[in-house]
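>>> Pasting the sequence and the predicted coordinates here, then a few questions.
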There are 2 protein chains.
Amino acid sequence: MTKQKSVSLTRFELEIMRVLWDLERASVRELQENLSEKRRPAYTTVQTIVRRLEEKGAVHRLRKIGNALIFEPAIARKAVHGRLITELLQMFGGSARPLMAHLAEMGKLNLEDVRELETLITEQQENPPDSPVAKGKRERKAR
Amino acid sequence: MTKQKSVSLTRFELEIMRVLWDLERASVRELQENLSEKRRPAYTTVQTIVRRLEEKGAVHRLRKIGNALIFEPAIARKAVHGRLITELLQMFGGSARPLMAHLAEMGKLNLEDVRELETLITEQQENPPDSPVAKGKRERKAR
DNA sequence: CCAATCCTACTACATTTGTAGGTATTGCGT
DNA sequence: ACGCAATACCTACAAATGTAGTAGGATTGG
């Protein structure tokens, strides 16, 4: 339930979301300041993107501090990432293998990574998706 | 040498390229017919995209058959894929691990895949990039 | 309480992307 | 040689995206 439509985000929107996910919540000003030095558009530009994200249901207003609106993500990073991955995977014929091979070739994967991954997969097989353990919030950062 | 500028392709352009890479060479008609049943726009639409791809240097005219132009890719699938992967990776903080974890969670990776990958990486470490063995074309499909 | 400041809401506009129509050409079959 | 059918080529336009300015309301330090 509470299933949100799978919004499709543009490059720049994704960039903003990346920052917002990292900060957990932020004002437009904070978002702008946290963009990478390269490609940091005007304040109002960021504002516009945030508005569009709001329209798309990707973020929502949490509250006001002073006269500034504080936004927080309305969609999970994981969900969006999943979408992106799926899309990329399609370019590779739907299978993860060629993608992995590519990563290896690019030197983005070493044996240690793979070993770790192996452990992860094994664990997952033992702990199916909705095992009672992982129910509910899993972390909460003070901020 | 012969280094082509890393063109950036849109969704639809990528879709066309995907087909073209698969077919190795094709006319606009063939490209259109080989798009997935969903999302198959008008002939002239495909033509427009092909023209833009040509302008971007992503494809070029190979020859004419009848009065139809035959196109072929002018950029390697691998190069484009690499770009896409790098981009996606940035969303994940530049490291491949979270991506892998995600794939595992999505059930897109099983132990067999990982084992295979392990082998691959090991081989790559033994056979550095420009070892004389791998020089030149590595496969050639009869067609 | 008042002005300097900060923020929002609205509007605008250029560029890119998706989509396609109309017209000029070109080969081919007869 | 001619006309038909398929194709190329040019043009157009709507929607999405990136980018930003302006007007006016809210906040707050003094």
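Structure's in. What do you need?
>>> Show me the beta-bridge partners of the residue lying closest to A:Arg61 once chain neighbours are set aside.
Counting by CB to CB, 6 or more residues apart in numbering or on different chains, the nearest residue to A:Arg61 once its immediate chain neighbours are dropped is A:Leu69, at 5.3 Å. In this view, the C-beta of every residue, glycine as well, is placed from N, C-alpha and C. Judged by DSSP bridges, the bridge partners of A:Leu69 are A:Lys64.
>>> just checking, A:Leu69 touches A:Ala26?
No. With contact defined as CB atoms under 8 Å, A:Leu69 does not reach A:Ala26; the gap is 9.9 Å.
>>> and those two? which has more neighbours close in?
A:Ala26 (24 against 16; other CB atoms under 10 Å in any protein chain shown).
>>> hang on, the earlier thing: contacting residues for the residue nearest to A:Arg61?
A:Ser27, A:Val28, A:Arg61, A:Arg63 (CB atoms under 8 Å, 6 or more residues apart in numbering or on different chains).
>>> Please type out the PyMOL selection for whichever of the residues you listed turn out to be buried.
Per 16 or more other CB atoms under 10 Å in any protein chain shown, the buried members of the contacts of A:Leu69 correspond to this PyMOL selection:
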select buried, chain A and resi 27+28
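>>> Nearest residue to the middle of chain A?
A:Arg77 (2.8 Å; CA atoms, centre = their mean).
>>> And A:Phe71, its phi and psi?
phi -110, psi 160 (degrees, to the nearest 10).
>>> gap between it and B:Ala79?
Taking CB to CB, to the nearest Å as the measure, A:Phe71 falls 37 Å from B:Ala79.
>>> out of those two, which sits in the busier spot?
A:Phe71 (24 against 13).
>>> wait, what's in contact with the residue lying closest to the more buried one once chain neighbours are set aside?
Once flanking residues are discounted, A:Phe71 sits nearest to A:Val59: 4.7 Å by CB to CB, 6+ apart. A:Val59 is in contact with A:Met17, A:Leu20, A:Val50, A:Leu53, A:Phe71, A:Glu72, A:Pro73, A:Ala74, counting by CB under 8 Å, 6+ apart.
>>> And the last one, what's its pLDDT?
So that's A:Ala74. In this model, A:Ala74 is scored at 97, pLDDT.
>>> What is the neighbour count of it?
17.
>>> Over to it: give its phi and psi.
Dihedral angles (degrees, to the nearest 10) for A:Ala74: phi -110, psi 0.
>>> just the third one next, same as before
With angles defined as degrees, to the nearest 10, A:Val50 shows backbone torsions of phi -60, psi -40.
>>> Test my guess that it contacts A:Glu30.
No. In this structure, A:Val50 is not within contact of A:Glu30 by CB under 8 Å, at 11.0 Å.
>>> what about those two, which has more around it?
Taking other CB under 10 Å, A:Val50 and A:Glu30 do not tie; A:Val50 has more neighbours (24 against 16).
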